[in-house]
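> pasting a predicted model and its sequence here:
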Amino acid sequence: MKKGILHLLIASCCLIVTGNFTGCAESSSAGGTGQDTATTGNTGRNDDPKAIATITGTYPDTTVNGTARFEQDDDGEVEMKLQLSIPAKANQTVAVHIHEHGNCGDTAHQAGGHWNPTNAQHGRWGSASFHSGDIGNVTLDASGNGYLEMETTLWSIGGSPQTDILNKTIIVHGGMDDYTSQPTGNSGNRIGCGVIQRTRDM
């Protein structure tokens, strides 16, 4: 009888020890899965749609360099970061617009008119009436450098024809947009141009 009780106690102890180790293993596995999910979440933003336009001059006597970088977030909002360098226009203001065709030929005249999918009147961005391509004016510093950042849900990267900015052009004009004259704001010659293209790198 004592032998039977002793064997029963030993078997119970083994069962308890085995159960504890099994529980630890399951807990460790669950923790590992949580870390993997967090890592995937952190790298997900690298898949956000991105686009870039590399802006160069259209006239040999006016050096224009710049980039317009676009990134669309999970909520559909597109952020643009525009950088310009135009030494000949130091301490001046230049107009920047999105034009309808992805072609910078013939001093950017092959880019067509302002991108205007809603057939609105030209105007200041955010006013009662403006083109989807009416980015606006950029003031350049004493070295001819300028920067503009904006966010909007009126654009997309690869979305519907009403919002898609891909294969359009960023045009830099030699003058300032008056936000009134139709259809372009009397902004002057097209001194800089760059086609908006999809990219993976920013």
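Arrived safely, thanks for sending.

> how near is residue 66 to residue 138?
Residue 66 sits 9 Å away from residue 138 when distances are taken as CB to CB, to the nearest Å. C-beta coordinates here come from the backbone N, C-alpha and C atoms, glycine included.

> mutual contacts of those two, please.
82, 84 (CB atoms under 8 Å, 6 or more residues apart in numbering).

> does residue 172 touch residue 98 like I think?
No. Using CB atoms under 8 Å, residue 172 is not in contact with residue 98, being 11.3 Å away.

> just give the number of residues close to residue 139.
Residues lying near residue 139 (other CB atoms under 10 Å) number 12.

> likewise for residue 171?
Using other CB under 10 Å: residue 171 sits among 31 other residues.

> ok, residue 140 next?
With other CB under 10 Å as criterion, residue 140 counts 20.

> again with the one 5 residues further on
Look at residue 145: counted by other CB under 10 Å, it has 16 neighbours.

> quick one, what contacts the residue nearest the centre of the chain?
In the chain, the centroid-proximal residue (CA atoms, centre = their mean) is residue 71; its distance is 1.2 Å. Residues in contact with residue 71, defined by CB under 8 Å, 6+ apart, are 48, 49, 50, 51, 78, 79, 157, 202.

> which of residue 172 and residue 98 has more residues huddled nearby?
The neighbour comparison of residue 172 against residue 98 (other CB under 10 Å) goes to residue 172, with 32 against 23.

> so what's that one closest to, chain neighbours aside?
Of all residues not flanking residue 172 in the chain, residue 192 sits nearest, at 3.3 Å (CB to CB, 6 or more residues apart in numbering).
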